[in-house]
Each structure stands twice: as C-alpha cells, then as structure tokens.
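Visitor: Model the following, please.
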Amino acid sequence: MSVTPKERMTGVLAVVFASVLWGTTGTAATFAPDVSPLAIGAVAMGLGGLLQALISLRGIAASRAIFRQNGRMLLTGALAVGIYPLAFYASMHLAGVTVGTVISIGSAPLLSALIEYYLDGQRLTRRWMTGAAIGVTGMLLLCIGESGGHAAAGQGNGVIAGVVLGLIAGLTYALYSWAARHLMQRGIPSRAAMGATFGLGGLLLMPVLLVTGAPLLASWNNAAVGAYMALVPMFVGYVCFGYALARIPASMATTITLLEPAVAAVLAVVIVGERLPPMGWTGIGLVVACLIFITVPLRRRTVLRSVKP
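Guide: I've put the predicted structure just below:
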C-alpha cells in the first residue's frame, strides 16, 4: 500500500497528537486514587473501544466477509487490546507514572520491529535503527533516574513488578498495532479495522469493569476521570492512531509514540509532584531527538554544478 509523502507526514502528525493525549492518562489516573488500576484500564480502553466500534458499525458490516477470512488476526488484536490497559495502568500504579509509561511505551518499538521482522520479513532501515537506539537510550536514562528515587524510598520491589508489567504492556501494544495494520492492508478501512479490534477488546474488558468498577460511581470526581480516560485519550487518541496506521508502518508509529513517556514525565513532575533528576531530563531530550531523527524527511542533497557559459 503506497502512500504519498504528504499522507505519510499527516500520519506522523496524527501519532504525535495521539501520543500527547496518551501522555495525560497517568496523571489523570492520580485524580482518582480510590479507583484500582484494573478499573481505570477497563473503563478507559473498554468504553473507548466500544465507542470506536459504534462509530464504525457501517464499515464493520461492509467488511464482515474480510473479517471472517481474517478471524485469527482480529482475535489476536482484540486479545492484545484487552490485556494492554490492565498491564499498563498496573505498571504505572506500582512503579510510578514516569517509569510505567517509559517501559510500556519505550519497549513497544523494539517489540514491534521484532514482530515485523519475524512474521513479515520486513527489514528495518539503518536510519530507523539509529533513531530507535537514541530513543531507547533516552527511555533507559529516564527510567534509571526515576527508579533510583523509588529505591531510596524502599519501593524497589514495586518498581521491578511494574517493569515486568510494563514489558507485557509493550508487547501487547506492539501486537495490536501490528494486527490492526494487517487488517487494513487486507482491504479493511482503517476506521473499521480499529473499530472491530478495539470493540471486541472492549467487550473482553467489560467483565473486569463490572467486578472492579464500583468506585468509579462513588463520586463525581472518579466518574469524571473515567469519562475523560474513555473519551479523550482512548477514543480520540486511537481514532488518530488508526488513521496513522493506514499511512505509516506499525514500527514507525510505535517509535513515534516514544513522545508519550516524555509528556507523561513532564506532567508527573509539574502536576503530580514526582521528582525528575538531571538524568531523566537528559532522557527526555534524547526522546525528542529520536522523534526528529526518524520523522523529519531527509532533504536530498543535490550538488548543483554551475554550468560554465
């Protein structure tokens, strides 16, 4: 599926916008401390996924024959959608907003690249690998800087558990991105592919929401947090992400989302009060450098030779 440079750039900008929205989720969750991370994940991705399915019903119905032919791909993506938010928000709860987001999102580009390499035989360019290395180095610096503070406070075990859950979140994030893009490449419109994948994943999350979601109704504040998570980062963010997946590779899209932990870290410092040491700020700088390196088109260097009269 070929795209024009303009379409590619709009895809990049769509992922950047989605990443900024997703970067607010960890901070938003702290405004509902009585709500468990499982409930936060279930209401955010569950209701957000069902909304995506609702606005995509016509496209899903029109593509039902292709969905039946690719049922395993759809189910793979839906299972990943169901697991991802539970692991992601539990990771942030245990290891802190910054570390949880860093591990979950920072590991996704590498895992996405491995999935595409082993399952699709897609080779990664030297430029992408260099940019990913810069970004992952930034993630590591950011994580080390934050985890040092947690260890000093005697929360080392929580950080380790949060890191493991973050890696699970990164794997499922990479997997549903890969599955959704494959559905699009097989002739399903992006909105229908994302709507079906996230709608089915949202249905899988409903039992979790029924069991853990009572605190969401305990106060207007908790309900407002749940509504924000479902409508803005999850619904609007993933509509933008689906738009991007139809125009750029999943590995590039997941690499661009390295912006999310940088946004989350800044908000955690400014609003939540988490401390970020100089090493962490260096990591954020490397993340920004990674984004510029892999997304800004390289100008073709043309040597103009003057023609002598």
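
Visitor: Next secondary structure element downstream of the lowest-mean-pLDDT helix or strand in the chain?
Guide: The helix or strand of the chain with the poorest confidence is helix 126-152; it has a mean of 74 (mean pLDDT, DSSP states H and E). Next helix or strand after helix 126-152 toward the C-terminus (DSSP states H and E): helix 156-185.

Visitor: For that following helix, which helices and strands make contact with it?
Guide: For helix 156-185, the packing partners by 3 or more C-beta pairs under 8 Å, 6 or more residues apart in numbering; DSSP states H and E come out as helix 71-95, helix 97-115, helix 126-152, helix 190-212, helix 237-245, helix 250-256. The C-beta positions use only the backbone N, C-alpha and C, and glycine is treated the same way.

Visitor: can you redo those helices as TSV with mean neighbour count and distance to Ala218?
Guide: Output for these, formatted as TSV (neighbours: other C-beta atoms under 10 Å; distance: least, C-beta to C-beta, whole Å):
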stretch	mean neighbour count	distance to Ala218
helix 71-95	23	18
helix 97-115	27	22
helix 126-152	19	29
helix 190-212	23	12
helix 237-245	24	26
helix 250-256	27	36
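
Visitor: Go through those and find the least confident stretch.
Guide: Ranked by mean pLDDT, these bottom out at helix 126-152, with a mean of 74.

Visitor: counting contacts, what elements does it pack onto?
Guide: In terms of contact count using 3+ C-beta pairs under 8 Å, 6+ apart, helix 126-152 is assigned the packing partners helix 97-115, helix 156-185, helix 250-256, helix 259-267, helix 278-295.

Visitor: of those, which approaches Arg72 most closely?
Guide: Comparison of the helices and strands packed on helix 126-152 against Arg72 by C-beta to C-beta identifies helix 156-185 as nearest, at 9.3 Å.

Visitor: what pLDDT, on average, does the closest one get?
Guide: pLDDT averaged over helix 156-185 gives 86.

Visitor: likewise stretch 49-61?
Guide: If you average the pLDDT values across stretch 49-61, you get 92.

Visitor: And the contacts of it?
Guide: Defining contact as C-beta atoms under 8 Å, 6 or more residues apart in numbering, one finds that stretch 49-61 is touched by 67, 81, 188-189, 191-192, 194-196, 198-203, 205, 230-231, 234-235, 238-239, 242.

Visitor: Dump that stretch to CSV, restricted to CA.
Guide: Provided in CSV are the C-alpha atoms of stretch 49-61 (Å, rounded to 0.1, in the frame of the first residue of the first chain):
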residue,chain,number,x,y,z
GLY,A,49,-13.1,0.6,22.3
LEU,A,50,-16.9,0.2,22.3
LEU,A,51,-17.3,3.8,21.2
GLN,A,52,-14.9,3.2,18.3
ALA,A,53,-16.9,0.2,17.3
LEU,A,54,-20.1,2.2,17.5
ILE,A,55,-18.9,4.9,15.1
SER,A,56,-17.6,2.2,12.7
LEU,A,57,-20.6,-0.1,12.6
ARG,A,58,-21.3,0.6,8.9
GLY,A,59,-17.7,0.0,7.9
ILE,A,60,-17.5,-3.1,10.0
ALA,A,61,-20.7,-4.5,8.5
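
Visitor: Determine how far it lies from the middle of the whole chain.
Guide: Distance of stretch 49-61 from the chain centroid (C-alpha atoms, centre = their mean, to the nearest Å) equals 20 Å.

Visitor: circling back: including distance to Trp220, could the helices and strands packed on helix 156-185 go into a markdown table?
Guide: Supplementary listing: those in a markdown table, determined by distance: least, C-beta to C-beta, whole Å:
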| stretch | distance to Trp220 |
| --- | --- |
| helix 71-95 | 21 |
| helix 97-115 | 23 |
| helix 126-152 | 32 |
| helix 190-212 | 19 |
| helix 237-245 | 24 |
| helix 250-256 | 35 |
